[in-house]
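In: coords please:
(chains A, B, C and D)
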Protein chains: 2
Amino acid sequence: MQSVNLKRLAEELHLSIATVSRALQDSHEVSPATKERVRALATALDYQPNAYASSLRRNQSKTIGVVIPKVTNHFFALAINGIEEAARQAGFHVLIYLTHEEYEREVSIIQHLKGGRVDGILMSVASGTENTEHLRSLRIPVVFFDRICPDISTANVTTNDYESGYQATAHLIEAGCRTIAHLLLSSSLSIGRNRQQGYLDALVAHGLTPSPGLTLPGTPANDGPAGQVGRIRELLQRRPDIDGIFASVERLAVSAYHVCRELGRRIPEDVKIVGFSNLESVSLFDPPLTTITQPAYDIGREAAKILLRAVEKKRPILPTQSVVLASELVQRRSTMP
Amino acid sequence: MQSVNLKRLAEELHLSIATVSRALQDSHEVSPATKERVRALATALDYQPNAYASSLRRNQSKTIGVVIPKVTNHFFALAINGIEEAARQAGFHVLIYLTHEEYEREVSIIQHLKGGRVDGILMSVASGTENTEHLRSLRIPVVFFDRICPDISTANVTTNDYESGYQATAHLIEAGCRTIAHLLLSSSLSIGRNRQQGYLDALVAHGLTPSPGLTLPGTPANDGPAGQVGRIRELLQRRPDIDGIFASVERLAVSAYHVCRELGRRIPEDVKIVGFSNLESVSLFDPPLTTITQPAYDIGREAAKILLRAVEKKRPILPTQSVVLASELVQRRSTMP
DNA sequence: GAGTTCTGTGTAAACGTTTACGTAAATAAA
DNA sequence: TTTATTTACGTAAACGTTTACACAGAACTC
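Out: Presented below is the predicted three-dimensional model:
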């Protein structure tokens, strides 16, 4: 198909394939003059090495796989941005796989990746994932970011979720809230548990008593925006005394806004809202949304760097290489006293 | 490395490698009994075929490359979603490359892809791209979506940009605007030219005279949000009579909101705004933004389908396979009379 | 029963690289 | 001069698949 290969170059230059290959890799076993001849013809014929032959022989593909729940969440879009940047700098390619928060898809994707198509994996586990068997039998290096898998001994890149949960809740309390709801995506994710613990500790530290009914745990099988809106509406109707909402994920904050409008609850007069979000346009919201903003780009880039270093040095990834980055609380009108 | 391969299976089953290979492909040349034995051992040992050996031999990688300007634009995130879905259904993998709107990166990426790493390419050209030489020498099938390359004879998946430009402008006029600005990303993209023509024709059809000074053409080298804000501010200060803004891209609509706030122009009382956007949260904006919403998911999926069909049948892609999908104008408060 | 087709399997050659090993000539060391 | 080392290249064997071809034996045809 693609007719210009090492053989073709070798024939035209009256050299062996081996010499041509070595010349293109700038091997010291080739004379400068020959190298020059080879390079000249290679560029003249627009030679590009066959990635698959090379990968097969070297047993490494210069490719990493990114397995994430969705790309329409701005957090993940920014993370991909950081990943792609780190990969490009290291000469690596990026394969992308979306789980859509579904356990089955995640298993199927990981199964495919076992074939050695990628040298390493960056992953944020699906909200529907509870069993981690598919990840434990994985022989390929993996780094988790944001949504980690505690069962696997590897490096994780996360944010200070406990502190963020504490900070967000304390912020609401200081703004005058007394009955604060916590909306989360899935209670099976460690990330959610950490935020929940921060939320609980902040309540207690400020002399408020946590109520189980105020935490909306999310369904294991993510039921999408419609289901989320329904569950939030039900919660706000059941507990009309709620005066503060802490949303653990962007979508839930948006859904909460919609429900508040529908039920005629004014933000921030009746209900104050703070939510995790990476949307730049929250400042244009009515009212502007107070956010916990994660350094999504840096998370992606750091995770990729750790993975790429390990792949390049062929060293295992140690849990001690884990990185925790700080999120930032950006105060806006939705939590004004 | 990955020790379980065809050889291993063949040895354990006392068969030849060829038979094992054929059995796994469900070839009619293998007896049902043997097939069953092979399949049983393959699953027992968790065998996964080596993708690179297979790709090398078959000369096709079951992989497509997606080359886009950025993934943080919600339009592209949704498009990737559609692409990934179509690819997954066809058993294809998706490599992702970001140009960051830069011509040099685009050239470098395309150069890499010439090595046969992918069977096909889906692409939306960078705003910085004016020379198309790198695309013309490409031997791999490519389908453009949204931002096409008119020089290349292939299928394109676009939206009705001219009509959208006309419709958006007419909508502003009907809402009472008389001096309408058009903000676009890059005047070198065909997509921008089409929208601009729709804008101009709508003005004339409604008895208004277009003024060149009202079109903000964008810089070839995309100067990012800060530069955009500066140019929009300069325009609104130079022309205080502007009472309508048509933004050809999401970011510009957001920037326009910020500038209007900064300059104290009320939306929609002083200035009405309509913008291309795929953000779900525009309905939470203050005021909610009237949008032209492109069917981004469908665009990605359609483009991928066309490409994948061509790759699978090994047929060339014809311009006649192009698809034009309709965008939708969603009226919200930012253009209320 | 001789010839023909079909069935199931094995042999071996590809695909395009990389690389261990071999080797002639050139240079250095003795 | 002889021997050791270096330099610059070639030979050939991998990497794990797929597949054209060969070939037994079984099942048909006449």
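
In: What count of nearby residues applies to the closest residue to DNA strand D within the stretch 151-300 of chain A?
Out: Closest to DNA strand D within the stretch 151-300 of chain A is A:T154: 24.3 Å, counting by CB to the nearest atom of the strand. (Each C-beta comes from the backbone N, C-alpha and C, glycine too.) When counting by other CB atoms under 10 Å in any protein chain shown, one arrives at 23 neighbours for A:T154.

In: Show me where the stretch 201-337 of chain A has its helices.
Out: Taking DSSP state H, counting those that start in this stretch as the criterion, the stretch 201-337 of chain A carries its helices at A:224-238, A:250-263, A:296-313.

In: Compare these and report which one is nearest to chain B.
Out: Nearest of these to chain B, taken as CB to the nearest CB: helix A:250-263 at 5.2 Å.

In: still on that earlier bit, could you dump the helices of the stretch 201-337 of chain A into JSON lines with distance to chain B added?
Out: Conversion of the helices of the stretch 201-337 of chain A to JSON lines gives the following (distance: least, CB to the nearest CB, whole Å):
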{"stretch": "helix A:224-238", "distance to chain B": "8"}
{"stretch": "helix A:250-263", "distance to chain B": "5"}
{"stretch": "helix A:296-313", "distance to chain B": "9"}
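
In: In a markdown table: the ones you listed, plus mean pLDDT, distance to A:P212 and mean neighbour count.
Out: Shown next, in a markdown table, are the helices of the stretch 201-337 of chain A (pLDDT from 0 to 100; distance: least, CB to CB, whole Å; neighbours: other CB atoms under 10 Å in any protein chain shown):
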| stretch | mean pLDDT | distance to A:P212 | mean neighbour count |
| --- | --- | --- | --- |
| helix A:224-238 | 87 | 12 | 16 |
| helix A:250-263 | 94 | 18 | 21 |
| helix A:296-313 | 96 | 31 | 22 |
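
In: hang on, the earlier thing: now the residue of the stretch 151-300 of chain A closest to DNA strand D, nearest residue through space, not along the chain?
Out: With sequence-adjacent residues excluded and distances taken as CB to CB, 6 or more residues apart in numbering or on different chains, A:T154 is closest to A:I317, at 4.9 Å.

In: who's in contact with the one you found?
Out: Neighbour list for A:I317: A:P141, A:V142, A:V143, A:T154, A:A155, A:I306, A:L307, A:A310 [criterion: CB atoms under 8 Å, 6 or more residues apart in numbering or on different chains].

In: ok so, going back, wait, the residue of the stretch 151-300 of chain A closest to DNA strand D sits on A:F144?
Out: Yes. At 6.8 Å, A:T154 and A:F144 qualify as touching, with contact defined as CB atoms under 8 Å.

In: For whichever residue of the stretch 101-250 of chain A sits closest to chain B, I want the exact helix or strand it lies within.
Out: Chain B sits closest to A:G115 of the stretch 101-250 of chain A, with a gap of 3.6 Å, by CB to the nearest CB. A:G115 is part of no helix or strand when elements are defined by DSSP states H and E.

In: ok, and the closest non-adjacent residue to it?
Out: Going by CB to CB, 6+ apart, A:G115 has B:Q48 as its nearest residue, at 3.6 Å.

In: How much space separates that neighbour from DNA strand C?
Out: Applying CB to the nearest atom of the strand, to the nearest Å, the value for B:Q48 to DNA strand C is 18 Å.

In: again, but for A:N59
Out: 9 Å.

In: Output the lowest-mean-pLDDT helix or strand in chain A as PDB - backbone C-alpha positions only.
Out: When the helices and strands of chain A are compared on mean pLDDT, DSSP states H and E, helix A:224-238 comes out lowest with a mean of 87. Included here for helix A:224-238 are C-alpha records, laid out as PDB according to Å, rounded to 0.1, in the frame of the first residue of the first chain:
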ATOM      1  CA  GLY A 224     -28.900  11.100  33.300                       C
ATOM      2  CA  PRO A 225     -30.100  14.700  33.600                       C
ATOM      3  CA  ALA A 226     -33.800  13.900  33.700                       C
ATOM      4  CA  GLY A 227     -33.500  11.500  36.600                       C
ATOM      5  CA  GLN A 228     -31.200  13.800  38.400                       C
ATOM      6  CA  VAL A 229     -33.700  16.700  38.100                       C
ATOM      7  CA  GLY A 230     -36.500  14.500  39.400                       C
ATOM      8  CA  ARG A 231     -34.500  13.400  42.400                       C
ATOM      9  CA  ILE A 232     -33.500  16.900  43.300                       C
ATOM     10  CA  ARG A 233     -37.000  18.200  42.900                       C
ATOM     11  CA  GLU A 234     -38.300  15.400  45.200                       C
ATOM     12  CA  LEU A 235     -35.600  16.300  47.800                       C
ATOM     13  CA  LEU A 236     -36.400  20.000  47.800                       C
ATOM     14  CA  GLN A 237     -40.100  19.400  48.100                       C
ATOM     15  CA  ARG A 238     -39.700  16.900  50.900                       C
END
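
In: Having no further points to raise, I will conclude here.
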